[in-house]
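In: how would this look folded up:
(one chain, ligands or ions: 2)
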Amino acid sequence: MVEAFAVASGKGGTGKTTSTLALGMALAAEHDVTVIDADTGMANLLFHAGLADVEVTLHDLLVAETATSVADATYDRFGMSVVPCGTSLAGFDRADPGRLRDVVAELAADADVILLDSPAALGSKSAVLPVVLADRVIIVVQPTIPALSDGLKVQEYARSYGTGTAGVLFNKVREDIDRIAEQADRHFGGPTLARIPAADVVRSARQAGEPLLSHAPDSPAAAAFRRAAASISVREGGGADLADRFRSAVVPETI
Ligand SMILES: Nc1ncnc2c1ncn2[C@@H]1O[C@H](COP(=O)(O)OP(=O)(O)O)[C@@H](O)[C@H]1O
Ligand SMILES: [Mg+2]
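Out: Ligands and ions are numbered 1, 2, ... in the order given. This is a model prediction of the structure:
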C-alpha cells in the first residue's frame, strides 16, 4: 500500500528539498509519509528538517556490514518519518548506492507514501536510482525554457525505466508564466501541480531548520504546496510484493 515518488530536477537549487518536505507534510495529513534524502552526494534535507546534529543517517545504512538498522536512521519529525543523509564526502564514498533498494523496500512496509529527495544530475548510479525505484516522478523546475528542457530529460529518463510523471512543480515563480506553463502542459506527461512563488519566507524556513509548512503555514507558498499535494491522487500499490519490487529493481550502470 505504498506509492514512491522521486522529487527530481535537471539542476540543483531548484527547490527539490524544500518541495519534498512541503509536499510530505501536506500529504501526511492523510497518509503515512516517509521522506528519504536520496541525494546522497549533496545531501541537505537534514538542514531543512532540524536534523543537522543527528548521529545516524542514510549513509550508515548504505555501508555494507554495519549493525545499523533502518529504524536507527529514521526520525519522527513534523508528522512524517524522515530519513536524513549525512554530508561527508567520506560517507558518500563508502556508501553503496545499490543498497538504497533494500532500505526503500524496508521503509515501504510501513508507509503509504515515500518521497525520495533525488539528486539533480543523472550522471551516475547513485543519481539515477531514486528515479528508477520510484513509481512516479515529481519534477521541480524554475519557470524558464532551459529548465523545462532539463525537466523533460528527467522525464524521458524516468520513462525509460517505467517511472511515470506525477506532475511538474514550478518553483521560485516571480512573474506571469502562462506561456511556459502552456509548453509544460504540452510536453510533460502529468499536470502542472503548482506555481510556488519566490518568497523570503521559504528561505527563512530553511535558515530556521524547519519545513515551510511548519515555519509559515499561512504563507501563500505553503498554501500552494498544500494545493499541489491535494491534486496528487496517491495510488495504492501492490501490497506484499512491493518490497520485492524495490529489491529486484535493476541498478543501471553509470550513464
Ligand atoms: N519558492 C522559493 N522562494 C525563495 N527561495 C526558495 C524557494 N524555494 C527554494 N528556495 C531556496 O533556494 C535554495 C535551494 O532550495 P533547495 O530546496 O535546497 O533546492 P535543491 O534541493 O533543489 O537543491 C534554498 O536556500 C531554499 O530556501
Ligand atoms: Mg536538495
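In: Downstream of the lengthiest helix in the chain, the next helix or strand is which one?
Out: With secondary structure taken from DSSP state H, the chain has its longest helix at helix 145-160. As assigned by DSSP states H and E, the chain's next helix or strand after helix 145-160 is strand 164-173.
In: Looking at the stretch 51-200 of the chain, what residue ends up closest to ligand 1?
Out: Taking C-beta to the nearest ligand atom, ligand 1 has its nearest neighbour within the stretch 51-200 of the chain at A198, 4.1 Å off. For glycine as for every other residue, the C-beta is placed from the backbone atoms N, C-alpha and C.
In: how many neighbours does that residue have?
Out: Each residue near A198 was counted by other C-beta atoms under 10 Å, and the total is 15.
In: Is it in contact with E175, as I believe?
Out: No - applying C-beta atoms under 8 Å as the test, A198 and E175 come out as separate, 9.6 Å apart.
In: How confident is the prediction for whatever residue of the stretch 101-250 of the chain ends up closest to ligand 2, by pLDDT?
Out: Minimum separation of the stretch 101-250 of the chain from ligand 2 (C-beta to the ion) falls at D117, amounting to 5.9 Å. pLDDT recorded at D117 is 97.
In: Also G239?
Out: G239 carries a pLDDT value of 51.
In: Correct me if wrong: M80 contacts A29.
Out: No - applying C-beta under 8 Å as the test, M80 and A29 come out as separate, 10.7 Å apart.
In: Looking at these two, which is more packed in?
Out: M80 (25 against 12).
In: Nearest spatial neighbour of that one, chain-adjacent residues omitted?
Out: V33 (4.6 Å; C-beta to C-beta, 6 or more residues apart in numbering).
In: now do M25
Out: L213 is the one closest to M25 (C-beta to C-beta, 6+ apart), at 4.1 Å.
In: And for A121?
Out: A127 is the one closest to A121 (C-beta to C-beta, 6+ apart), at 5.9 Å.
In: any idea which helix or strand comes after the helix or strand that contains A194?
Out: A194 belongs to strand 192-197 when elements are defined using DSSP H and E. Sequence order places helix 200-208 as the next helix or strand after strand 192-197, per DSSP H and E.
In: Show me how far that next one is from its chain's centre.
Out: Computed by C-alpha atoms, centre = their mean, to the nearest Å, the separation of helix 200-208 from the middle of its chain amounts to 19 Å.
In: can you tell if it touches ligand 1?
Out: Yes - using C-beta under 6 Å from any ligand atom, helix 200-208 reaches ligand 1 at 202-203, 206.
In: Quick check: the residue of the protein nearest ligand 2.
Out: Taking C-beta to the ion, the chain has T17 as its residue nearest ligand 2, at 3.4 Å.
In: quick one: that residue and L51 touch, right?
Out: No - contact criterion C-beta under 8 Å: T17 and L51 do not qualify, at 12.0 Å.
In: More neighbours: which of those two?
Out: Neighbour count, other C-beta under 10 Å: between T17 and L51, T17 has more, with 27 against 18.
In: confidence score at the more buried one?
Out: On the pLDDT scale, T17 is placed at 97.
In: Quick check: L100 vs F225, distance?
Out: 26 Å (C-beta to C-beta, to the nearest Å).
In: Which pLDDT value goes with G86?
Out: 93.
In: How about A90?
Out: 84.
In: how about it, secondary structure?
Out: Following DSSP: H, G, I helix; E, B strand; the rest coil, the label given to A90 is helix.
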